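*Asks:* build the 3D model from these lines:
(one chain, ligands or ions: 2)
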Amino acid sequence: MKSKIINNTINYIDIIAFIVIVPIKLIEYGKTLTSGTPSIPSLVPSIFASLAILLSIGFLLKNKKRSRFLLICNVIITIFILGDLTYYRYFKDIISIPVIINGLMLGAVKTSVGSVFKISDLVYVIDLCFIIPIIYSHKYKQEFEIKRSVKIAISALTFVVSCSLNTYYFYKLSIEQPRLLTTLYNKVYVAKELGSLNYHMLDIFIVVQNNIQKSIPLSANKESAIKTYLKSNTSDTQNLKNSMQGKNLIVIQVEALQQFAIGSKINGVEVTPNLNKWLKSTMYFNNYYYQIASGGTSDAEFMSNNSLYPAPQGAAYYLYAGNEYNSLPKELKAKGYNTSALHGYNQTFWNRNVMYKQLGFDNFYSENNYNINETVGMGISDKSFLTQSVDKLKNLKQPYYAFMITLSSHFPYDDVKHYGDFNVGEYEGTLLGNYLKSIHYTDEQLGMFLDKLDKEGISKNSVIALYGDHYAIPKSDIGELEKFTGVSSMNDYQWMKYQKVPLMIHLPNALGAGVKSIASGQMDLYPTLANMFGLPINDLFGKDMLNSTKGTVNFRDGSFTDGNAFYVATTNSYFNVTTEKKISESKTLNEEKNNALNQLGYSDDILRHNLIKKFNNETK
Ligand code: GP9
Ligand code: MN
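*Replies:* Ligands and ions are numbered 1, 2, ... in the order given. Model (predicted):
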């Protein structure tokens with residue numbers, strides 16, 4: 001009797017694992033995405049419903065075949081979980097098929113991804129270590145046989161019930177957040193509400209659908225809606241119009257430089273003394289947000305040079321490197337500028353070698369063109385990069401546009417021995433402490449670089465813009481940011497508030513210097529510069545920050561701010577920016593939310609259908 005029970009338990013170990021262990025894994029994973037507070041009422045039933053669909057298919061198979069089928073499902077789910085967790089810690093997003101397709105890029109960030117992979121994640125594979133040998137060594141001896149017709153009936157019933165339940169949760173989410181499921185603009189929220197399995201199935205479905213969509217021409221109505229929007233997004237400008245024509249343009253994109261580092265002190269010592277000093281003679285945009293998606297640094301570059309939104313999944317630098325753009329370098333080039341990109345790293349990283357050509361950069365000074373005589377963190381030190389860059393700038397034919405990207409302050413900021421002796425006091429040994437050390441180091445090198453530009457007489461004939469590319473502290477380390485800022489238990493808005501990056505624009509003779517607090521983001525850099533340099537404002541989604549009264553910033557996940565209210569898409573909640581408290585959705589806010597989604601959709605269509613090329617051909 002006892003051996004019969006054991007035998008039957010082993011016979012059905014796969015089903016037991018699928019009903020008990022796999023749901024536990026998915027719920028635990030869901031908790032990580034939501035910092036411990038998953039939306040249990042929808043997540044748990046969604047998980048069971050999606051698993052039940054697989055179970056109902058498996059149930060039709062016999063013993064060994066069923067065991068192996070469910071085991072393969074378990075293995076695939078586990079791979080998704082491990083991939084998602086690792087990816088989430090670094091990118092604050094969940095992995096999607098386009099990202100896997102662009103996996104080569106991930107190969108290049110191995111060190112970063114490696115540093116966010118936790119050994120404790122291996123707990124997710126413990127069950128497999130037991131189940132695999134059991135299933136493969138077990139001799140299936142049937143103690144009782146369920147009739148085929150009964151099997152089919154149970155299977156069909158489970159399938160229908162679980163499909164209906166799943167459909168209900170998908171429907172509920174589609175009502176609560178329209179367009180979320182069709183665009184997947186907020187992947188974390190989908191996984192949080194519907195579970196990882198449903199999210200990945202949806203992702204696969206969307207990839208297939210996207211490829212089909214790409215091959216279907218855009219409707220004339222949609223195309224004209226896009227044109228109408230783009231036309232309406234240009235306005236007559238007064239302030240500084242054409243004022244910088246013929247001047248050089250130097251844009252410095254600083255790795256992970258966040259707003260909260262600027263002006264802050266530790267034990268009375270400034271974290272960024274050089275930038276603090278420099279910003280007194282610059283226009284300082286202190287309400288400027290990064291708007292990147294999963295393309296990280298490349299998205300920041302993409303937006304700053306094109307004023308288009310990043311791709312909803314993957315990186316535009318990979319997915320749309322073959323498109324035509326009316327980019328900043330291309331328009332400056334048309335005005336006789338020499339255009340150069342400078343970044344002392346592997347030229348293929350983020351597909352830059354391909355994309356820079358496409359964007360209209362004449363030269364790309366990469367790792368191959370620098371003497372890698374000193375490395376800090378991920379590659380060439382900012383000190384070496386910036387020092388060698390001054391010499392390169394001196395030799396460029398004027399007027400020029402030089403687009404520079406720094407590297408030393410790259411996550412995980414663990415090359416502390418090279419960052420110098422900045423004392424971070426109580427933050428010593430923490431991620432935030434190490435980050436501040438790295439930024440202090442980069443600030444020192446930037447100070448040296450800016451001084452050299454002054455001494456060489458470059459500054460007086462150039463516009464110099466400097467901004468941070470994206471966040472520095474992953475959400476999983478929110479506690480450290482709370483401690484540093486003194487804001488305990490940050491709400492969703494407060495977290496977003498700390499996602500600002502500084503933008504400083506220095507004009508010759510410190511023209512226009514002062515703090516500008518208009519709500520703005522990386523989309524807005526190009527239109528602002530275009531006005532000063534007398535460039536055409538064609539097909540841009542951003543605004544000229546110096547000639548706009550109202551600032552709106554739309555984020556890739558559908559969040560937005562109009563300067564007064566802030567909508568956080570991940571939790572579908574609105575906040576008053578002044579009181580930092582939750583508010584309810586008004587008609588105007590609902591319209592603004594839809595406008596944001598419309599703009600994201602228009603930009604996506606432009607990328608998907610290479611519309612700028614089409615628009616350019618039409619106006620030729
Ligand atoms: C490397 C650098 C890093 O070239 O730009 O990109 P990131 O990992 O920050 O997206
Ligand atoms: Mn970066």
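
*Asks:* roughly how far does residue 384 sit from ligand 1?
*Replies:* 15 Å (CB to the nearest ligand atom, to the nearest Å). Glycine gets a C-beta too; all of them are placed from N, C-alpha and C.

*Asks:* need the contact list for the closest residue to that residue other than its chain neighbours.
*Replies:* Closest residue to residue 384 apart from its sequence neighbours, by CB to CB, 6 or more residues apart in numbering: residue 374 at 4.5 Å. Neighbouring residues of residue 374 by CB atoms under 8 Å, 6 or more residues apart in numbering: 380, 381, 383, 384.

*Asks:* among these, which two are most distant?
*Replies:* Using CB to CB, the contacts of residue 374 reach their maximum pairwise distance at 380 and 383, which is 9.0 Å.

*Asks:* would residue 515 count as being in a strand?
*Replies:* Yes. Applying DSSP: H, G, I helix; E, B strand; the rest coil, one finds residue 515 inside a strand.

*Asks:* what's the local residue count around it?
*Replies:* 11 (other CB atoms under 10 Å).

*Asks:* I figured it hits residue 284, correct?
*Replies:* Yes. The pair residue 515 and residue 284 qualifies as a contact (CB atoms under 8 Å) at a distance of 5.0 Å.

*Asks:* do I have it right that residue 553 meets residue 285?
*Replies:* No. Counting by CB under 8 Å, residue 553 sits too far from residue 285 to count as a contact (11.4 Å).

*Asks:* now for those two: what residues contact both?
*Replies:* Contacts common to residue 553 and residue 285, judged by CB under 8 Å, 6+ apart, are residue 520.

*Asks:* the two: which is more packed in?
*Replies:* residue 285 (30 against 26).

*Asks:* and the closest residue in space to residue 458 that isn't next to it in sequence, what's its pLDDT?
*Replies:* Of all residues not flanking residue 458 in the chain, residue 393 sits nearest, at 6.3 Å (CB to CB, 6+ apart). pLDDT, residue 393: 98.

*Asks:* ok, residue 393 to residue 359 distance?
*Replies:* Distance check for residue 393 against residue 359: by CB to CB, to the nearest Å, it reads 19 Å.

*Asks:* more neighbours: which of these two?
*Replies:* Ranked by neighbour count (other CB under 10 Å), residue 393 and residue 359 place residue 359 first, with 25 against 22.

*Asks:* picking that back up, can I get the contacts of residue 374 in JSON lines with distance to residue 161?
*Replies:* Output for the contacts of residue 374, formatted as JSON lines (distance: CB to CB, whole Å):
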{"residue": "380", "distance to residue 161": "59"}
{"residue": "381", "distance to residue 161": "61"}
{"residue": "383", "distance to residue 161": "64"}
{"residue": "384", "distance to residue 161": "64"}
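
*Asks:* tabulate those (CSV), appending pLDDT and neighbour count.
*Replies:* Compiled in CSV, the contacts of residue 374 are given as follows (pLDDT from 0 to 100; neighbours: other CB atoms under 10 Å):
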residue, pLDDT, neighbour count
380, 97, 24
381, 98, 23
383, 98, 19
384, 98, 20
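
*Asks:* where are the low-confidence patches of this protein?
*Replies:* Per-residue confidence for the chain (pLDDT under 70) gives these ranges: 1-10, 34-42, 91-92, 98-114, 140-144, 179, 183, 185, 210, 213.

*Asks:* show me which residues of it are close to ligand 2?
*Replies:* By the rule CB under 5 Å from the ion, the part of the chain lying against ligand 2 is 255, 297, 469.

*Asks:* so what's the first one up against?
*Replies:* With contacts defined as CB under 8 Å, 6+ apart, the neighbours of residue 255 are 297, 405, 406, 407, 408, 409, 410, 442, 468, 469.

*Asks:* what's the answer for residue 569, then?
*Replies:* Contacts of residue 569 by CB under 8 Å, 6+ apart are 177, 185, 186, 189, 555, 557, 558, 559.

*Asks:* which member of these is positioned nearest ligand 2?
*Replies:* Nearest to ligand 2, judged by CB to the ion, of the contacts of residue 569 is residue 555 at 17.1 Å.

*Asks:* for ligand 1, what's the nearest residue on this structure?
*Replies:* residue 296 (2.6 Å; CB to the nearest ligand atom).

*Asks:* any idea how many residues pack against that residue?
*Replies:* By other CB under 10 Å, neighbour count at residue 296 equals 25.

*Asks:* now it: how far from residue 556?
*Replies:* Counting by CB to CB, the gap from residue 296 to residue 556 is 12 Å.

*Asks:* returning to that earlier point: just give the closest residue to the residue of the chain closest to ligand 1, not the sequence neighbours.
*Replies:* Per CB to CB, 6+ apart, closest to residue 296 is residue 470, 6.3 Å.

*Asks:* my read: that neighbour touches residue 291, true?
*Replies:* No. Counting by CB under 8 Å, residue 470 does not reach residue 291; the two are 9.1 Å apart.

*Asks:* mind listing the shared neighbours of these two?
*Replies:* Contacts common to residue 470 and residue 291, judged by CB under 8 Å, 6+ apart, are residue 299.

*Asks:* doesn't residue 340 lie inside a helix?
*Replies:* No. Counting by three-state DSSP, residue 340 is not part of a helix but strand.

*Asks:* was I right about residue 545 contacting residue 526?
*Replies:* No. If you go by CB under 8 Å, residue 545 and residue 526 don't touch, sitting 10.7 Å apart.

*Asks:* contact partners of stretch 187-195?
*Replies:* By CB under 8 Å, 6+ apart, stretch 187-195 touches 26, 30, 33-34, 38-39, 42-43, 46-47, 50, 84, 88, 92-94, 96, 166, 169-170, 173, 177, 180-181, 184, 198-199, 202-203, 313, 557, 569-572.

*Asks:* the residues you listed in helices, which ones?
*Replies:* 26, 30, 33, 42-43, 46-47, 50, 84, 88, 166, 169-170, 173, 180-181, 198-199, 202-203 (DSSP state H).

*Asks:* show me which of the residues you listed are buried.
*Replies:* Among those, those classed as buried by 16 or more other CB atoms under 10 Å are 26, 30, 33, 42-43, 46-47, 50, 84, 88, 166, 169-170, 173, 180-181, 198-199, 202-203.

*Asks:* now do the contacts for the residue of the chain closest to ligand 1.
*Replies:* The contact partners of residue 296, taken as CB under 8 Å, 6+ apart, are 91, 315, 350, 469, 470.

*Asks:* not counting sequence-adjacent ones, nearest residue to the fourth one?
*Replies:* Just to be clear, that refers to residue 469. Excluding the flanking residues, the one nearest residue 469 by CB to CB, 6+ apart is residue 300, at 3.8 Å.

*Asks:* what do you get for residue 592?
*Replies:* Spatial nearest neighbour of residue 592, excluding adjacent residues (CB to CB, 6+ apart): residue 562 at 5.8 Å.

*Asks:* so where do the strands sit in the stretch 501-620 of the chain?
*Replies:* Using DSSP state E, counting those that start in this stretch, the strands of the stretch 501-620 of the chain run over 503-506, 514-516, 520-521, 553-554, 560-561, 565-568, 573-576, 582-583.

*Asks:* any idea which of those strands is most buried?
*Replies:* strand 520-521 (a mean of 28; mean count of other CB atoms under 10 Å).

*Asks:* from the chain's centre, how far out does that strand sit?
*Replies:* Computed by CA atoms, centre = their mean, to the nearest Å, the chain-centroid distance of strand 520-521 equals 16 Å.

*Asks:* tell me the strands beside that strand, with direction?
*Replies:* strand 288-289 (parallel) (DSSP bridges).
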